[in-house]
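# Here's a sequence, model it:
(2 chains, ligands or ions: 2)
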Amino acid sequence: MDWLNILNLAVSEMINPISASFILCALGLSVHFGYTGLLNFGQAAFAGVGAYAMVIGILTFHLPILLALLFALACSAVFALILGIPTLRLRADYLAIVTIASAEVFRYFMTTIGFSSVTGGASGLSQFGDEFWALNPFTFSGKVGFGPFEYSARDWFIRIVAWLLIAVSAVFIWLLMRSPWGRVLKSIREDEDAVRSLGKNVFAYKLQSLIIGGGLGSLGGMVLVMNFSTVAPQNWVTTFTFQIWTVLLLGGAATILGPIVGGMVLFLLLSLTQSIMSGLVHLGWLPFLSDPQVGQIRFLLIGLALMLLVIFRPQGIFGNKKELQFNG
Amino acid sequence: MANEIAIGQAEPGCKKVDPILIADNVTRQFGGLTAVNVDHLEIPRGQITALIGPNGAGKTTLFNLLTGFDKPNTGSWTFQGKNLAGMPSYKVARLGMIRTFQLTKALSLLTVIENMRLGAQDNPGERFLVSLFKPLWRVQEAKITANAESLLERFKLDAKRDDYAASLSGGQRKLLEMARALMSQPKLVMLDEPMAGVNPALTQSLLEHIKDLKTNGTTVLFVEHDMHMVRHISDWVIVMAEGKVVAEGPPAEVMKNPAVIDAYLGAHHDTDLGTMQIKVVKEDKK
Ligand SMILES: Nc1ncnc2c1ncn2[C@@H]1O[C@H](COP(=O)(O)OP(=O)(O)O)[C@@H](O)[C@H]1O
Ligand SMILES: [Mg+2]
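Ligands and ions are numbered 1, 2, ... in the order given. The predicted model follows:
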């Protein structure tokens, strides 16, 4: 096995656009769950709404890219209102159920033939990225970079855009959470009734939190589809939501650095386990496994690692044990 | 004494000279059980009123109803002349009617000082867009913090300023909850068993705090089981049993009232309530 190669590949995976997209979605979840205590099991739907709205804005409404982005954020806010208004006055579990269900409804809706002239139906939409890629200031050909980070001009551009979005989102969350507004959110996580008794409109704060975290999720969705150059219903499966939860819990739910590092670590681990295990398969050390099975089994290992983490380090890598444990 | 507060005879539901809160026909049923059934009740402004009664009398439920935390089957009530029935709890609090909870609701994973700051109202930094720009809320936040610190000092919690509320003892949490309720300078504070679990060494100073509130013009309504304390600080006592108001009056008179002795002790009529400590099974969460 070529260890240097394996390591290079893994480190390079840490900042790939998919990892960045997961991180944006997980930052949104940290606003929902980590800071407000809202159980959103439909972050994939927020990502999907953002991605589809941006693409439809470009293809159907011929919006310039920036307007399409704003349109997507507006759609995700409307989606948050639709989910939040009926459920956020009820007990926390109602939101959890409604978000899971809505993610499924969203996916089936996007698959239906009736709207496929706009949504592309089951095969989805593509060829929407021309304007975005035309913004790329890099013109070099071939790969440029250092160490493990050697990419083409196109790959550099999407990575830089994605990580700038992460940086801006992180600063945004940091500004919010150090403020009295963030204090109300954290208090709602602790005990809603206490917050109500002090004259705060808990419902309005929860709705704001749902909109903001959902908006971050839809940014993640937009990055994902720009990278794939296509958007399709099967991108937004429940597994996607649970991988975002993995990123969040890995790093620590009520932290900003947590989801960022959690995302990088998850993709590092996925790449390492993939390379090492398929290396072992080729050496004949794992005769009971075939190459495609390796891809599956590493998710099993990650799941196991997540269980151990939640049991033995519930606050995640960065969380403060005193401040937040995984106790819903 | 009675004449200073009540109009005419001190009897259940009697009118007050200057009521701050007036409730009419408030009922609440849980299944077949009528937890609260209050025909008419007035709370005198600027006085300390004790609400007493055996466990299960409906005191906490009445608090919940009046503050919008629970919905009554029937009834209406006004606070400073404003109709509150059907109003959500946070709006009730904004009008200056702040309650505490029998089962303490300290925000455990926030620090003591953050708990206190949360109690302030009209903090511009609690609005979403304003919160992003610290210069817009820094001054107000500093004022709130200074106010919080002086309250913490009064409640002897200043040494705990930066500790998580989770690390406080049960009694200290009660104190914190009460201090936090005072952050917004309420017109009426409703304390649900403020002394339960508080270290006896602290009860005396807690009594003083409650008396100070009155001096500053705040109306106090509190639920308490300790008759010594009730007699010591309250100007007026309201007795509930089985959801109804069964007696009202100045403390000394109420404690001699046969209906009250009945409610508490059943047949043991010959005991003077003022001299005995009523033992109650207190719900305890942790
Ligand atoms: N949420 C509820 N559901 C059913 N019964 C309740 C509920 N809350 C209170 N009760 C009942 O109502 C009665 C009054 O309770 P409560 O107001 O807590 O009394 P107190 O505070 O005077 O001890 C009790 O019999 C209690 O069991
Ligand atoms: Mg009670």
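# And the residue of the stretch 51-200 of chain B closest to ligand 2?
Minimum separation of the stretch 51-200 of chain B from ligand 2 (C-beta to the ion) falls at residue B:60, amounting to 3.2 Å. No exception for glycine: its C-beta is placed from N, CA and C like everyone else's.
# gap between the two ends of stretch B:237-246?
11 Å (C-alpha to C-alpha, to the nearest Å).
# Let me know the helix or strand that the residue of the stretch 51-200 of chain B closest to ligand 2 is in.
helix B:59-66 (DSSP states H and E).
# now check that helix, is it near ligand 1?
Yes. Judged by C-beta under 6 Å from any ligand atom, helix B:59-66 and ligand 1 are in contact via B:59-61.
# can you give me the mean pLDDT across that helix?
Averaging pLDDT along helix B:59-66 yields 96.
# Point out the other helices and strands that the helix or strand just after it packs with.
Next along the chain after helix B:59-66, taking DSSP H and E as the criterion, comes strand B:74-79. Where contact means 3 or more C-beta pairs under 8 Å, 6 or more residues apart in numbering or on different chains; DSSP states H and E, strand B:74-79 is packed against strand B:19-30.
# how many neighbours does the residue in the stretch 101-250 of chain A that ligand 1 sits nearest to have?
Relative to ligand 1, the nearest point of the stretch 101-250 of chain A is residue A:193 (13.0 Å; C-beta to the nearest ligand atom). When neighbours are defined as other C-beta atoms under 10 Å in any protein chain shown, residue A:193 has 15 of them.
# I'd say residue A:270 and residue A:16 touch.
No. At 10.6 Å, residue A:270 does not count as touching residue A:16 under the criterion of C-beta atoms under 8 Å.
# Show me which residues of the stretch 51-200 of chain A are close to ligand 1?
So the stretch 51-200 of chain A never meets ligand 1 (C-beta under 6 Å from any ligand atom).
# and what of the stretch 1-150 of chain B?
B:30, B:33, B:35, B:53, B:55-61.
# Just the buried ones out of those residues, please.
Among those, the ones that count as buried by 16 or more other C-beta atoms under 10 Å in any protein chain shown are B:35, B:53, B:57-61.
# quick one, what contacts residue A:129?
A:226, A:229 (C-beta atoms under 8 Å, 6 or more residues apart in numbering or on different chains).
# Give me the pLDDT value at it.
Residue A:129 is given a pLDDT of 93.
# which phi and psi does it have?
When read as degrees, to the nearest 10, the backbone of residue A:129 gives phi -100, psi 0.
# Next one: it from residue B:163, what distance?
Between residue A:129 and residue B:163 the distance is 53 Å, computed by C-beta to C-beta, to the nearest Å.
# follow-up on the earlier one: return the residues in contact with the nearest residue to the residue of the stretch 51-200 of chain B closest to ligand 2 once chain neighbours are set aside.
Nearest residue to residue B:60, sequence neighbours excluded (C-beta to C-beta, 6 or more residues apart in numbering or on different chains): residue B:102, at 5.4 Å. Under the criterion of C-beta under 8 Å, 6+ apart, the neighbours of residue B:102 are B:60, B:192-193, B:196, B:223, B:283.
# can I get those in JSON lines with secondary structure and distance to residue A:241?
Putting the contacts of residue B:102 into JSON lines (DSSP: H, G, I helix; E, B strand; the rest coil; distance: C-beta to C-beta, whole Å) gives the following:
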{"residue": "B:60", "secondary structure": "helix", "distance to residue A:241": "40"}
{"residue": "B:192", "secondary structure": "strand", "distance to residue A:241": "41"}
{"residue": "B:193", "secondary structure": "coil", "distance to residue A:241": "44"}
{"residue": "B:196", "secondary structure": "coil", "distance to residue A:241": "44"}
{"residue": "B:223", "secondary structure": "strand", "distance to residue A:241": "46"}
{"residue": "B:283", "secondary structure": "coil", "distance to residue A:241": "39"}
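# Farthest-apart pair in the residues you listed, please.
B:223 and B:283 (12.8 Å; C-beta to C-beta).
# Can you report how many residues neighbour the closest residue to chain A within the stretch 151-286 of chain B?
Nearest residue of the stretch 151-286 of chain B to chain A: residue B:164, at 5.8 Å (C-beta to the nearest C-beta). Look at residue B:164: counted by other C-beta under 10 Å, it has 19 neighbours.
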